[in-house]
Each structure stands twice: as C-alpha cells, then as structure tokens.
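> could you look at this predicted model? Sequence included:
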Amino acid sequence: MSLSADPRWSEALVHLPDYLGNHVRVSVAALALGLLISLPLAIIARNRPVLRTALLGLASIVQTVPGLALLALFYPLLLALAALTAAWLGFSFSAFGFLPAVLALALYSMLPVLRNTITGLSGVDPAVLEAAQGVGMTPRQSLTMVELPLALPVIMAGIRTAAVWVIGTATLSTPIGQTSLGNYIFAGLQTQNWVFVLFGCFAAAVLALVVDQLLALIENGLRNRSRIRTALGGLGIAALIAATLVPAIARPHARYVVGAKTFTEQYVLSALIAQRLQAAGLSATTRAGLGSNVIFDALASGDIDVYIDYSGTLWANQFHHTDIKPRAELLGELKTTLAKQDITLFGELGFENAYALVMPRKRADQLGIHSIADLASRAPTMSIAGDYEFFSRPEWAGIQKAYGLTFRGQRQMQPDFMYAAVASGEVDVIAGYTSDGLIAKYDLVTLSDDRHAIPPYDAIVLLSPKRRDDEAFKAALRPLLGKIGIAEMREANLRASGNDASSSPDVVARWLWEKIGGKS
C-alpha cells in the first residue's frame, strides 16, 4: 500500500487543523509573553552586573528542568491559585491546558533572549556610545537610536532560538491538557501508530523552520532598513496565526470533554465514550494523554466531564491508603470518599486492569516460578522493568514489603515496549497490566499475588461535579456499565496495539461496541 493510500495518513490530516492551530496559538502566546518579560529585564540589567548575573543564573536553572516536568509543575500551582481566587475574590480560572503551557513555555524562552540581548547591547563599541553622548543624545535616545539597532542581529538570533525551543517543547504540553502536535506523538507511541509519530515530528519541525525563516526575514529587513522585507515577515507570521484561528472559529464547541490517560486502553475507552455520547446526540471531544494526577484534578475542577480510572489507583495513589480491602468494600469506601469531593463514581465497566508481575511462560515454567512468592528467591539475579510511574507508586512499595523483593536492576520503559523487552530477554520480569492483550501475543504469564499486596483495579466511570445531575449524559453512558469483560478488553487492547489502519482507537472502539452492544 502506498503512503497516500494508507488511511492512517488521511486520519492524521483530519486532525492537523486542530492540533496545528492549538500548537501555534500556545507557542506564539508563550513567545510573546517571554519577550515581553525578557527584553525589558535585559535592558535594565545590561549595566548592572549583579542583576545581570542573577537573571542569567535563574534563566539557566529553568533550562535544566526537563520540559515535561516544568509543564507539569505549573498545573498544581495554578490549580491552588484558582482555588484561592475563588475563595477570596469570588472568581476562578481554568488551570488546565493553555495557561500552564503558556507560562512554562514562556519561562523556557527567556534564557536565549536575555543572554543575546545583554550580549548584543554589551558589545556595542564604547566609542559609538561616547559619540552619541557627544551629539547630545539622552540615554533613552542612545538606547533606541544607536544601541538597539546595532545589537539587533544578536537579539534576533536569540529570539529565533527561543522560537524554535518553544515550538519544540510545546509538543510536551499534551499531558497537561493542551492540544498540540504532541497529540500525534503521544498517541502514536502508545498505540504504536508510527505514522502519527512521524507526522507529529515532521509537522513540528516544519512549523519551527517556517517561523524561524519568517523571523529571519524580519531581522534582515530591520538590519537593512527594508520595510518590504520586515512587512513580509510580519505578515507571514500574522497569516500563520490567522490561518490557525479559522478552524477553531468554524468548529462548533463540544459540550462534553472525555479525558484519557497515557496508555492504549485509555485511548480506546475514551473514544468509546465519545462515540456513545455522539450517538445520543451529545457533542463530545476527547483530551487524551493526561497524567494520572492531572486527569483527576481536571475532573474535580470541571475541565473534563468524564474519564475511566481504576479503583486501586485511586485507593493507593490518589487517597494514599496502604491497607488492601475486599473489592466490594473498597469500591464502597471509594464512592463515599469521591462523593465528598462532589465526584460521582457512576459505575464499573466490568473488567479489572490490575498491575501484575509478568514473565515469559517458558522461562517461568523452567524456573518453577508461578507466583510472586516463588520469584522472591530468584529476584536478586534478575532485572525488572516498569512503566514511568510504577516504581514510585505505593503498589510497588507494598509488593516489596509483602514479598521482600530485591532485583539486580530495574528499568523504566514505554508500556508497550516492556512486553517486547521481556519476551526477547532484555529484562526478566515486567510490571504489566492484566487486561493487556500483549500478554497473550508474547506468550507471557502473570504471577499470582497470594499475599494480596496489589489492590483490586476495577475500571470505573467517574463524572465531574457539574455532570452529577445530567440525566441525558448519564443515559448515554449507562449501556457501558458492567458490559466490558476482561476477554473483550484484552482483545481490544491487542487490536489497538497493531500497526495498521484498523488499530486506531476510533476503529477499535467501534469494534468493542459491536461486541458488547448486544449484551443484556
């Protein structure tokens, strides 16, 4: 099949106006804010060594913070600030998506602008400054008419660098709810849709090159005093922004927002919920790729309306319980705890997606390992891999405490890659998921947890406070409750982990509904 005939390319193009438009808007807003702060600070600090050193030092420290971490840190900070303004001033704002992304990216843009502006201004020949003073120029006139024009090439180089950094880093804003070209990359990695990954990377690279060349045109026009070139560069950037606004204006605003975490099953289930809402005549969209804590806070604050979580995750991670209770009792306590936060535990989907330690079946049989207790004596000679958060979760601490597990080494991996790694012998054990179809694909086996260190992980539907009494919304979701068995979910996850057009979450969600829609 040619690239042009592959439906995945068509699907990627369908999303382009939305993803690109949001990416441009957040990047431009962040760069503009960064310039608004950086340029005046650089001008003020140019002749003040202590202030200059402090500013460059702080900006350098910001650059050492990984982009994803910086973006994620702003969300809880803004959420707390929004709660304070609501309590003290009577108004609130959304701490989800655009605002934390803009603030974090603006910080990221500051170092090259500060450094290049200070360097450019400091590099002006002192003789030129003396001549400016000699003809009677005031300090402000000297700055605007002599220093800034001479320093302009160096300053523009910093702005161009900042623009490229911001556009690249903006792809990491997906986990905090900001739609961007990163949606292609995160979704593609989770579902092994390499067309999406390549498309997202290519689109971000092209956007960065286009913006860089338009800024270069403005720089060239200012340096050579060519109004035409300066105007063409400015018009190009304006046209790019305007072009991204048109789809957003034309597209009707979705009434309901469905959240999803960062793994394949969540992409499928969020697509299924959105399709059920649309089938009921309710407009819906999805916000996928959200972190575990971000998605819960987003639901509580009303930034999303519904998502699927797991009872064990809420019990251990969100509410920090260390005791393990029977399933019915745990669900009952969760429902009561959530209700105190005005969040509705609407019901269970019917399957459990628990953490489990997983090994190749052949190797487990050879070593006589069938349970985590059997593994304990062999673990010091073995390596284990988990997803990005597993080893910092309470469940891992609970397993270690219950069984005294100590491994030779532990590694963190993209979830789907873990299964191939353990199947090929790159690692000996992985922390997998019981509903994952890749367990069967690679002929792996889950080790029994005889001491019940791992809590139950029923998939449950959570509704935001503002949807508590929305009967039309509830009616659209009710046919899903109790209908998805572990076999159907494993098959759906296996289908979604393929690398062809039939593996897209939307297609798999439709297949899953066909499988469960007729259940009584």
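Cool, got the structure.
> how about low-confidence regions in the stretch 1-150 of the chain?
Along the stretch 1-150 of the chain, the parts satisfying pLDDT under 70 run over 1-7.
> quick one: low-confidence ranges for this structure?
Along the chain, the parts satisfying pLDDT under 70 run over 1-7, 247-253, 499-501, 518-520.
> how is the most centrally placed residue in the chain assigned, secondary-structure-wise?
Closest to where the C-alpha atoms of the chain average out (C-alpha atoms, centre = their mean) is residue 175, at 1.6 Å. Assigned with DSSP: H, G, I helix; E, B strand; the rest coil, residue 175 falls in the helix class.
> please name the nearest non-neighbouring residue to it.
Computed as C-beta to C-beta, 6 or more residues apart in numbering, the closest residue to residue 175 that is not its neighbour in sequence is residue 291, at 4.8 Å. Backbone N, C-alpha and C define where each C-beta goes, glycine included.
> could you measure from the one you found over to residue 172?
Relative to residue 172, residue 291 is positioned 11 Å away (C-beta to C-beta, to the nearest Å).
> returning to what we had before: just list the residues touching the residue nearest to the centre of the chain, thanks.
Taking C-beta atoms under 8 Å, 6 or more residues apart in numbering, we find residue 175 in contact with 68, 71, 72, 186, 262, 289, 290, 291, 294.
> same question, residue 383
Residues in contact with residue 383 (C-beta under 8 Å, 6+ apart) are 407, 408, 409, 410, 411, 427, 428, 429.
> ok, now residue 451?
Counted by C-beta under 8 Å, 6+ apart, residue 451 has contacts 372, 373, 402, 403.
> and residue 219, by the same measure?
Contacts of residue 219 were listed using C-beta under 8 Å, 6+ apart, and they are 152, 153, 156, 157, 160, 233.
> what helix or strand is it located in?
helix 194-223 (DSSP states H and E).
> which of the residues in that helix are buried?
195-197, 199-201, 203-204, 207-208, 211-212, 214-215, 217-222 (16 or more other C-beta atoms under 10 Å).
> for residue 385, what are its contacts?
Residues near residue 385 by C-beta under 8 Å, 6+ apart: 410, 411, 412, 413, 418, 421, 422, 426, 427, 429, 430, 431.
> what's stretch 355-362 in contact with?
Stretch 355-362 is contacted by residues 312, 369, 372, 375, 384, 390, 395, 399, 419, 422-423, 425, 428-434, 439, 442-447, 449, 454, 457 when judged by C-beta under 8 Å, 6+ apart.
> out of those residues, list just those in helices.
312, 372, 375, 395, 399, 419, 422, 423, 439 (DSSP state H).
> neighbours of residue 280, how many?
Other residues near residue 280 come to 14 when the count uses other C-beta atoms under 10 Å.
> same thing with residue 76?
Residue 76 has 14 neighbours, counted by other C-beta under 10 Å.
> using the three-state scheme, assign residue 307.
Relying on three-state DSSP, one would call residue 307 strand.
> show me what the residue nearest to it when sequence neighbours are not counted is bridged to.
Nearest residue to residue 307 in three dimensions, chain neighbours excluded: residue 259, at 3.6 Å (C-beta to C-beta, 6+ apart). Here residue 259 shows beta-bridge partners residue 287, assigned using DSSP bridges.
> count of neighbours near residue 259?
Neighbour count of residue 259, defined by other C-beta under 10 Å: 28.
> just give me the longest strand of the protein.
When the chain is parsed with DSSP state E, its longest strand is strand 344-352.
> remind me what that one packs against, helices and strands.
Where contact means 3 or more C-beta pairs under 8 Å, 6 or more residues apart in numbering; DSSP states H and E, strand 344-352 is packed against strand 306-310, helix 327-340, strand 458-463, helix 486-496.
> now do 6 Å
Applying 3 or more C-beta pairs under 6 Å, 6 or more residues apart in numbering; DSSP states H and E, one finds that strand 344-352 makes contact with strand 458-463.
> continuing past the helix ranked longest in the chain, what's the next helix or strand?
Looking across the chain with DSSP H, the single longest helix is helix 7-45. Next helix or strand after helix 7-45 toward the C-terminus (DSSP H and E): helix 49-64.
> tell me the angle of that next one relative to helix 7-45?
170 degrees (axes from the mean of the first three to the mean of the last three C-alpha atoms, to 10 degrees).
> mind putting the contacts of residue 219 into CSV with neighbour count and distance to residue 36?
Formatted as CSV, the contacts of residue 219 follow (neighbours: other C-beta atoms under 10 Å; distance: C-beta to C-beta, whole Å):
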residue, neighbour count, distance to residue 36
152, 15, 18
153, 14, 21
156, 20, 16
157, 17, 19
160, 21, 17
233, 20, 19
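> in helices only, show me those.
Short answer: the contacts of residue 219 in helices (DSSP H) are 152, 153, 156, 157, 160, 233.
> the second one and residue 20: what is the separation?
Residue 153 sits 30 Å away from residue 20, going by C-beta to C-beta.
> gap between residue 80 and residue 100?
Distance, residue 80 to residue 100, using C-beta to C-beta: 12 Å.
> between those two, which is the more surrounded one?
A side-by-side neighbour count of residue 80 and residue 100, using other C-beta under 10 Å, places residue 100 first with 26 against 11.
> reformat the contacts of residue 383 as CSV; add neighbour count.
Listed next are these as CSV, based on neighbours: other C-beta atoms under 10 Å:
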residue, neighbour count
407, 19
408, 11
409, 10
410, 16
411, 15
427, 21
428, 23
429, 27
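> follow-up on the earlier one: tell me which of the contacts of residue 385 fall in strands.
Short answer: the contacts of residue 385 in strands (DSSP E) are 410, 411, 412, 429, 430, 431.
> closest to residue 45 out of the residues you listed?
The closest of the ones in strands among the contacts of residue 385 to residue 45 turns out to be residue 412 (C-beta to C-beta; 40.4 Å).
> in the sheet, who's paired with that closest one?
Beta-bridge partners recorded for residue 412 (DSSP bridges): residue 386.
> hmm, back to that, how far away is the residue nearest to residue 307 from residue 494?
23 Å.
> do residue 69 as well
33 Å.
> among the two, which residue is more densely surrounded?
residue 494 (18 against 10).
> tell me who's in contact with the closest residue to the more buried one other than its chain neighbours.
Spatially, and ignoring its direct neighbours in sequence, residue 494 is nearest to residue 437 (2.6 Å; C-beta to C-beta, 6+ apart). Neighbour list for residue 437: 490, 493, 494 [criterion: C-beta atoms under 6 Å, 6 or more residues apart in numbering].
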